[in-house]
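Visitor: take this sequence and fold it.
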Amino acid sequence: MPDPASPPATGFPPPAAPTVAAAPGAGREFFHAPRLTGQGAAFLLLTALAGFLAFLLGSQYILLLFSLCAATLAAAGLHARLLLRGLRAVRTLGHPIFSHSSFQVTLRLSNDGLFPLTALRLVDAPRAGEHVRAASPPSLYLPLVPGRGEAEVRYMGRMFGRGRAEWDRVVVETEAPFGLFRGRVELDCASSALVYPRAVALPARLRLDALVSPSEVEVAAVHRGAEELVGLREFRPGDNPRWIHWRTSGRVPGQLLVRDFATPSTRRVLLVVDSRRLPLGARAMERRLGAAASLAASLALELLRVGSGFTLIAAAPQPLALDVTQDSRSLWEALEVLALLEPSDGLGVSELLAVLPASQCEGATVLAVTTQRHPHPPADHPDAVFFPAERPYRPAEARPPAAASATATAARRAAPRPGPRRPRRQE
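Guide: Next up is the predicted model:
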């Protein structure tokens, strides 16, 4: 079974990494005064005791020991204060980033100093956004950054929610070389990335290929000449004899030629996202809206998988209509709209469909994702298929196989119920 934390396979090349402009003060270093560690505090106490005994007893050997300990403390403090000043950091984020999915983060440290840096611990955590938060960052360790050289460390991050995620500073700490002082520096390397909605599993009974395929009435209208005539072809079993072009067939002995029309492969699909504000709290409304965005993103990926383009209609914050085809650029634009989706005021399915002309809505398949619990189809589109976002959809990668699910259901029904049976009352 695939890893639920792995990003969904869209089948399209990922978008280009956005160019992040350097923030004011980018590249600056924020140093902290070195602090004593636990071992440093014990060593300082030992040095003070040696100095007290040397003063009290007047022993040259104890005085020599005190001098060595004091010199070691001074050298360790100077090392922790000055050695991290030539450090720079560059962060590279893996794209695309989907909610609840792992992505790779690369930190490249460059040492402008002459001496190598050893035993570095790094902390890299994004700032908590309005609708996005990060998992606990792992503990990063870099054993060596050579002098006048570079070194990099990679780790897998994970974001929850959707929207814009911001990274600010990288914290670097070291206790080298003696573990007496802890040097700390914050390297400013601002980065930002867009977190796309989470892909979820669609209902098993949903057949999008049947919804988007043309009906028999539409195919018959094409064959009556309602669409463009492509040309002529040989007669095949099952063709209507009315399609035979007798004038051209008479010129070709032994063959019957029929008219070939441009039959539509799929119907026009309108994917409407109803993001009306509900009388809920801010956190509950964001949870409902995030579920709607995830469901709409899953429908978009499934529609493109079955070979059907669609038109995404949403309020961002004004109503917009975005045509999505097999082009990867249009897909990522649609996912960006869903990632930045906000609650709208009074814009339902009917108001959103009014963005398109009536001729484009006529005969189209309407798939409406809504935040309402019990949606009602609009009067002008009674056959619209609604998807309430409140339903707990599972991740797309965590769906169990049908055979395993059926076997587990049969075993659960066949298992005896626990507890003693009640004896029947004797009359």
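
Visitor: what pLDDT does the model give the nearest residue to residue 364 once chain neighbours are set aside?
Guide: On the basis of Cβ to Cβ, 6 or more residues apart in numbering, the spatially nearest residue to residue 364 that is not a chain neighbour turns out to be residue 268, at 4.1 Å. Glycine gets a C-beta too; all of them are placed from N, C-alpha and C. Looking at residue 268, its pLDDT is 80.

Visitor: go on, residue 164?
Guide: pLDDT at residue 164 comes out at 91.

Visitor: how many other residues sit next to it?
Guide: 14 (other Cβ atoms under 10 Å).

Visitor: please name the bridge partners of it.
Guide: residue 194 (DSSP bridges).

Visitor: ok, it to residue 129 distance?
Guide: Distance, residue 164 to residue 129, using Cβ to Cβ, to the nearest Å: 6 Å.

Visitor: same deal with residue 35?
Guide: 31 Å.

Visitor: domains of the protein?
Guide: 29-196, 214-261, 269-398 (automatic domain parsing).

Visitor: so for residue 202, which of the ones you listed sits nearest?
Guide: domain 269-398 (5.9 Å; Cβ to Cβ).

Visitor: centre of the chain to that closest one, how far?
Guide: Distance, stretch centre to chain centre, for domain 269-398: 18 Å (Cα atoms, centre = their mean, to the nearest Å).

Visitor: any buried residues in stretch 232-241, and which?
Guide: 235, 239 (16 or more other Cβ atoms under 10 Å).

Visitor: identify the residue nearest residue 381 in space, chain neighbours excluded?
Guide: Using Cβ to Cβ, 6+ apart, the closest residue to residue 381 is residue 366 (5.0 Å).

Visitor: can you count the residues close to that neighbour?
Guide: Around residue 366 there are 23 other residues, counting by other Cβ under 10 Å.

Visitor: that one sits in which helix or strand?
Guide: Here residue 366 is covered by strand 365-370, with elements defined by DSSP states H and E.

Visitor: just the buried residues of that strand, please?
Guide: Buried, per 16+ other Cβ under 10 Å, within strand 365-370: 365-370.

Visitor: quick one, what contacts the residue nearest to residue 364?
Guide: 311, 360, 363-365 (Cβ atoms under 8 Å, 6 or more residues apart in numbering).

Visitor: among these, which one sits closest to residue 177?
Guide: residue 311 (63.8 Å).

Visitor: element containing that closest one, please.
Guide: strand 310-315.

Visitor: counting by contacts, list what that strand packs against.
Guide: strand 269-274, helix 282-305, strand 319-324, helix 328-339, helix 349-353 (3 or more Cβ pairs under 8 Å, 6 or more residues apart in numbering; DSSP states H and E).

Visitor: can you report phi and psi for the residue positioned nearest the centre of the chain?
Guide: With distances taken as Cα atoms, centre = their mean, the chain has residue 98 as the residue nearest its mean C-alpha position (0.9 Å). In terms of degrees, to the nearest 10, the main-chain angles of residue 98 are phi -110, psi 150.

Visitor: one more: residue 44?
Guide: phi -70, psi -40.

Visitor: quick one: low-confidence parts of the chain?
Guide: 1-28, 204-205, 207-231, 238, 260-266, 390-427 (pLDDT under 70).

Visitor: so where do the helices sit in it?
Guide: Taking DSSP state H as the criterion, the chain contains helices spanning 38-57, 60-82, 208-212, 216-221, 246-251, 282-305, 328-339, 349-353, 358-361, 402-414.

Visitor: quick one, what contacts the residue nearest to residue 378 when sequence neighbours are not counted?
Guide: In space, and not counting its chain neighbours, residue 378 is closest to residue 350: 4.3 Å by Cβ to Cβ, 6+ apart. Residue 350 makes contact with 378-381 under the criterion Cβ under 8 Å, 6+ apart.

Visitor: what's the answer for residue 323, then?
Guide: Residue 323 neighbours (Cβ under 8 Å, 6+ apart): 309, 311, 330.

Visitor: which one of those is nearest residue 140?
Guide: Among the contacts of residue 323, and counting by Cβ to Cβ, the member closest to residue 140 is residue 330, at 37.7 Å.

Visitor: just checking, the closest one touches residue 312?
Guide: No - in this structure residue 330 lies outside contact range of residue 312 using Cβ atoms under 8 Å: 9.1 Å.

Visitor: so what sits against both of these two?
Guide: 322, 324.

Visitor: more crowded one of these two?
Guide: Between residue 330 and residue 312, residue 312 has the larger neighbour count (other Cβ under 10 Å), namely 25 against 18.

Visitor: that one pairs with what?
Guide: With DSSP bridges as the rule, residue 312 is bridged to residue 271, residue 322.

Visitor: one more: residue 244?
Guide: residue 258.

Visitor: quick one: neighbours of residue 251, just the number.
Guide: 8.

Visitor: what do you get for residue 114?
Guide: 9.

Visitor: so it is in contact with residue 85, correct?
Guide: No - look at residue 114 against residue 85 with Cβ under 8 Å: they stay out of range, at 11.7 Å.

Visitor: re the thing from before, from the buried residues of strand 365-370, pick the one nearest residue 55.
Guide: Out of the buried residues of strand 365-370, the member with the shortest distance to residue 55 (by Cβ to Cβ) is residue 369, at 80.3 Å.

Visitor: how much space separates the closest one from residue 233?
Guide: 41 Å.

Visitor: do the same with residue 184
Guide: Counting by Cβ to Cβ, the gap from residue 184 to residue 233 is 77 Å.

Visitor: go on, residue 29?
Guide: The gap separating residue 29 from residue 233 is 73 Å, by Cβ to Cβ.

Visitor: how about residue 245?
Guide: The gap separating residue 245 from residue 233 is 10 Å, by Cβ to Cβ.

Visitor: before we move on, what about residue 331?
Guide: 34 Å.

Visitor: residue 30 too?
Guide: Following Cβ to Cβ, the distance that separates residue 30 from residue 233 is 74 Å.

Visitor: also residue 113?
Guide: From residue 113 to residue 233 the distance is 76 Å (Cβ to Cβ).

Visitor: same thing with residue 389?
Guide: Using Cβ to Cβ, one obtains 47 Å as the distance from residue 389 to residue 233.

Visitor: could you do residue 53 as well?
Guide: 108 Å.

Visitor: what of residue 254?
Guide: From residue 254 to residue 233 the distance is 15 Å (Cβ to Cβ).

Visitor: likewise residue 148?
Guide: On the measure of Cβ to Cβ, residue 148 and residue 233 end up 72 Å apart.

Visitor: ok so, going back, out of the contacts of residue 268, who's the most crowded?
Guide: residue 365 (21 neighbours).
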